[in-house]
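> sequence plus predicted model, see below.
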Amino acid sequence: MIGWDRNVLLRRSDRVESLLLFVLVLSFLGGAPLLAWWAGEAGYRSDVRAREWERAHVFRVDAVLVEDAGVIGAAGTRTASPQAARATWTAPDGSAHSGIVQIGTDARAGARVAVWVDDSGSLHGPPGRHSPASQGILVAVATVLGLGAVLTGLHRIVREVLDRQRDRAWAREWREVGPRWSRDPRWR
């Protein structure tokens, strides 16, 4: 019920709470699909733009190791973790660069390894695995869950305020009626 019945025992606060719940449910049912569509589409477009940027600005080039792998960083025994070595490579614009690259296996100086660089030739991580549709769906679901959480939080806050008002009204009314009903001498 949304508080519109003619029950004489319903207080004004009960009617306000019922009406608030009705409005919040309607807001969720009306707003969630629109908000999910908007947020999902924005997430999809963002992921598509990120993928296109990486395609245009991140390149795979071959780097030539200048020294043996495992020389950089650790003095002592080699580990099974990725190893590093100094290498040189040519950027997409033709400029020469050098730096430390990570490699997964033992490699000797002169070996070629694939590295990812940006437009300027600086090392860059490999392009991410983009799935715009999945990104859009995840953003839409997260948005709907967020809207539900906000509306639920709003309901709880308003209900807490109404409950405090009800408790104060109950205490006030009991102070008036209690002495007449009680045989306890403290009330007289």
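Thanks, I have the structure now.
> so E52: helix, strand or coil?
helix (DSSP: H, G, I helix; E, B strand; the rest coil).
> so it versus P132, what's the distance?
Distance from E52 to P132, counting by CB to CB, to the nearest Å: 10 Å. Using the backbone N, CA and C atoms, a C-beta is placed for each residue, glycine as well.
> who has more neighbours, these two?
Neighbours were tallied for E52 and for P132 using other CB atoms under 10 Å; the higher tally belongs to P132 (16 against 11).
> wait, the more buried one touches Y44, no?
Yes. Applying CB atoms under 8 Å as the test, P132 and Y44 come out as touching, 4.7 Å apart.
> what sits in contact with each of these two?
Contact with both P132 and Y44 is made by no residue, according to CB atoms under 8 Å, 6 or more residues apart in numbering.
> tell me the confidence at G146?
The score at G146 is 96. That number is its pLDDT.
> can you report phi and psi for it?
Dihedral pair for G146: phi -60, psi -40, per degrees, to the nearest 10.
> look up how far T152 lies from it.
Relative to T152, G146 is positioned 11 Å away (CB to CB).
> same check, this time on L10
Using CB to CB, one obtains 23 Å as the distance from L10 to T152.
> swap in E52?
Taking CB to CB as the measure, E52 and T152 are separated by 38 Å.
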